[in-house]
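J.: Let's see this in three dimensions:
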Amino acid sequence: MRLTGHPTIKFDTFSPIYNWIYPVGGVPSKRFVGSAAADVFREVRGSQSRALYVHIPFCDTICSFCPFVRAARHKDEEVSLYVDALIREIELKAKFPSLAETPIGAVFFGGGTPSVLSPEQIRKIGEALRSHFDLSTCREFSFEFEVKTVTDERIDAARDIGVSHARFGAQTFVPAFRDYFQLSASVETVRRAAALLRTAFPHSSCDVLYGMHGQTDDDLQFDIDQACSLDLPNLDFYPLNNLVTQPKLSKDFAKDGRHPTSGLTKHYMGIFVREMLRERGYLPHNGHGFFRTDLASTALPPILTDEYSFVYHEHTLGYPDYDLLGFGVNAVSSFNGYSVSNIGSKSDYVSALLDEARLPVIIAEHVAEVDACRPLALALPYHGEIPTKWVNTELVPDDVLQRLDWAIVHGLVSKTPTTLALTEDGLAWYTNLMFYLSPASERAALANVLRGAVHDSRRAVEVSGLEGIDLRWQVPLAKL
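T.: From the prediction side, this is the model:
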C-alpha cells in the first residue's frame, strides 16, 4: 500500500478489511503454555485504565453478516452453565492483583446477544463484576441488545447493574438486504426497541451497514433517513466486511447476480454517509461513530467532535496505558507485550472452569515496538487526534515515523508542536491509515489475512475499483 500523490485518491489500493484486533501478529508464548498459561497474569502490570469485555455467545437466530462466536438453538441449561462458568472466570481472574486493582474505565457486554439472558442472569453477572473489580471510575457501561429481546424487565436489570449505553443493530432498513442478512425482527420491532432504549438510558446507539453487494445510492439514502428517524443520540455506520461474513451471504449474493461493491465505491459511500449525517445534525466522533450535536449546523463544524467518546474503544484502539480484560468463550485480553485469548469451544470453556477451576487461555507475545505504535496505528486514524507526546520516538520504528511524515506531506495528517490530527481527507482514508501506520510485522500479518481471504472460494472480496485511474505521483519529490 503506497501513497500516490493524487489529489483525491490518496492510496494505490483499498484495504478490504475495516477493523481488526491489534496486534494481529505476535508469536505463541513458549513460557506460558498448558497449565502454566494463566501465569501470564502475574506478569501483566497495572495500567492507567482497563476495559472489561463480557462475551455472551447465544443468539435467537444467526445473522449472515456476523463474524462473532455465537450459536442459536441454545437450551436454558446450556445458558445457565455458561453464566456459571463466566462468573467463575471473573472470580479466578480477580485473584491476580494486577487484574483486580486496576481501575475500570469501561465495561462492554457483547455477543452474540447479551439480551437473551434472563434479568436474573444479567444481574448475577453484573454483581460478580462489581464485587471483584473496581468500577468506581467506570465512565461507560455498554450492553448490546437484540431488538426482539428488549423488554422492560431486561432494561430494569441492565440499569440495576449500571448500564449507561444501550447498543443495538438495525443493519439496514431495505427489505431485500434484511432478507439477505437473515434479520428476523421487523422494522416495527426495531423502532419499538429504539424508543424504549432511548428513553431508558443516557446513551443509545444503532448500527447500520453499508457497501452491500448491489446497494444503490437510493438504498443508502433510505437507510440514512430511517436511522436518523429513530431520534437516537448516537449512530454507527460500518462498511460491510466481506472477509468475515458467513459464506452463505456471499453465496446468496452471487446467486442473484450481485457483485461485491468495490473499495472505491465504499470509500465514496463513507464520505456520503458523513455528509448526509452532518446535514441531519450528526458529526463523527471516531472513524465510524456519529454523535448528534448542535455543532453540526455551525458554519465551520469540526472534522470530529470531542463532545462524545466511545470509551471502550479508547481501551481497544490505541490509547497508551489503557488495556483490555476479556471474559467468556473466545474473548480476547490485550496487555503490553501479551495477547490472551480464551479458547473457542463453549463446552471446553465451561468444563475447564466448572470442572477443573482452570482458566482456559492461549498466550501470544509481541515486542515493545508493536505497543509503541498503537497510538499512531490506531488512536490517530480512528479517534482523529492524539498528543504528540504519545509517540515514543525511541521505540516507534523509523519506517513508521517516515510514513507519518509522508501522511503529513500528502495532507492526511496535520501536526502542531503538541498534537497530531486527521484532516478531512485523513478521516476519509482512516482505515488505510491504520494499515499504513502499523509496524512492518503487523502489516505483514494483515497481508497474510488478506491473502487467505482472497483465496477463500466461499467468499467474494471486493476489488479496489482503481483500475484505469492514473495514480502516478503528482506531489513534487522534493516535498517527500
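J.: any idea where the strands of the stretch 351-480 of the chain begin and end?
T.: Under the criterion DSSP state E, counting those that start in this stretch, the stretch 351-480 of the chain contains strands at 361-365, 385-387, 413-415, 419-422.
J.: These into a markdown table, with extra columns for distance to Lys248, mean pLDDT and mean neighbour count?
T.: No exception for glycine: its C-beta is placed from N, CA and C like everyone else's. As requested, those are exported to a markdown table (distance: least, C-beta to C-beta, whole Å; pLDDT from 0 to 100; neighbours: other C-beta atoms under 10 Å):
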| stretch | distance to Lys248 | mean pLDDT | mean neighbour count |
| --- | --- | --- | --- |
| strand 361-365 | 29 | 97 | 18 |
| strand 385-387 | 40 | 98 | 16 |
| strand 413-415 | 40 | 98 | 17 |
| strand 419-422 | 37 | 98 | 20 |
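J.: CSV for these, including distance to Ala36?
T.: Below are the strands of the stretch 351-480 of the chain laid out as CSV (distance: least, C-beta to C-beta, whole Å):
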stretch, distance to Ala36
strand 361-365, 9
strand 385-387, 37
strand 413-415, 43
strand 419-422, 41
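J.: among those, which is nearest Ser262?
T.: Ser262 lies closest to strand 419-422 among these, at 23.5 Å (C-beta to C-beta).
J.: Name the strands paired with that closest one and say parallel or antiparallel.
T.: The strands beside strand 419-422 in its sheet (DSSP bridges) come out as strand 385-387 (antiparallel), strand 413-415 (antiparallel).
J.: Now render those strands as a markdown table, adding distance to Ala447.
T.: Shown next, in a markdown table, are the strands paired with strand 419-422 (distance: least, C-beta to C-beta, whole Å):
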| stretch | distance to Ala447 |
| --- | --- |
| strand 385-387 | 25 |
| strand 413-415 | 23 |
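J.: now for those strands, which one comes closest to Arg374?
T.: Ranking the strands paired with strand 419-422 by proximity to Arg374 (C-beta to C-beta) places strand 385-387 first, at 10.1 Å.
J.: Please work out which residues outside the closest one touch it.
T.: 304, 306, 318, 375-376, 379-380, 418-422 (C-beta atoms under 8 Å, 6 or more residues apart in numbering).
J.: can you rerun that using 7 Å?
T.: 375, 379-380, 418-421 (C-beta atoms under 7 Å, 6 or more residues apart in numbering).
J.: returning to that earlier point: so which of the strands paired with strand 419-422 is nearest Ala185?
T.: strand 385-387 (37.1 Å).
J.: From the chain's centroid, how far away is that closest one?
T.: Mean C-alpha position of strand 385-387 versus that of the full chain (C-alpha atoms, centre = their mean, to the nearest Å) differs by 20 Å.
J.: check contacts around Leu240.
T.: By C-beta under 7 Å, 6+ apart, the contact list for Leu240 reads 65, 209-212.
J.: Just confirm Ser347 is within a strand.
T.: No: using DSSP: H, G, I helix; E, B strand; the rest coil, the secondary structure at Ser347 is helix, not a strand.
J.: Report how many residues lie close to it.
T.: Neighbour count for Ser347, taken as other C-beta atoms under 10 Å: 12.
J.: where does the stretch 1-150 of the chain dip in pLDDT?
T.: 62, 65-73 (pLDDT under 70).
J.: All the strands of it, residue numbers only.
T.: 27-28, 49-56, 104-111, 140-145.
J.: Throw these into TSV and include distance to Val187 and mean neighbour count, thanks.
T.: TSV is the format used below for those (distance: least, C-beta to C-beta, whole Å; neighbours: other C-beta atoms under 10 Å):
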stretch	distance to Val187	mean neighbour count
strand 27-28	46	10
strand 49-56	25	24
strand 104-111	22	24
strand 140-145	16	24
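J.: Would you reformat these as CSV and include distance to Ala170?
T.: Listed next are the strands of the stretch 1-150 of the chain as CSV, based on distance: least, C-beta to C-beta, whole Å:
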stretch, distance to Ala170
strand 27-28, 39
strand 49-56, 20
strand 104-111, 16
strand 140-145, 12
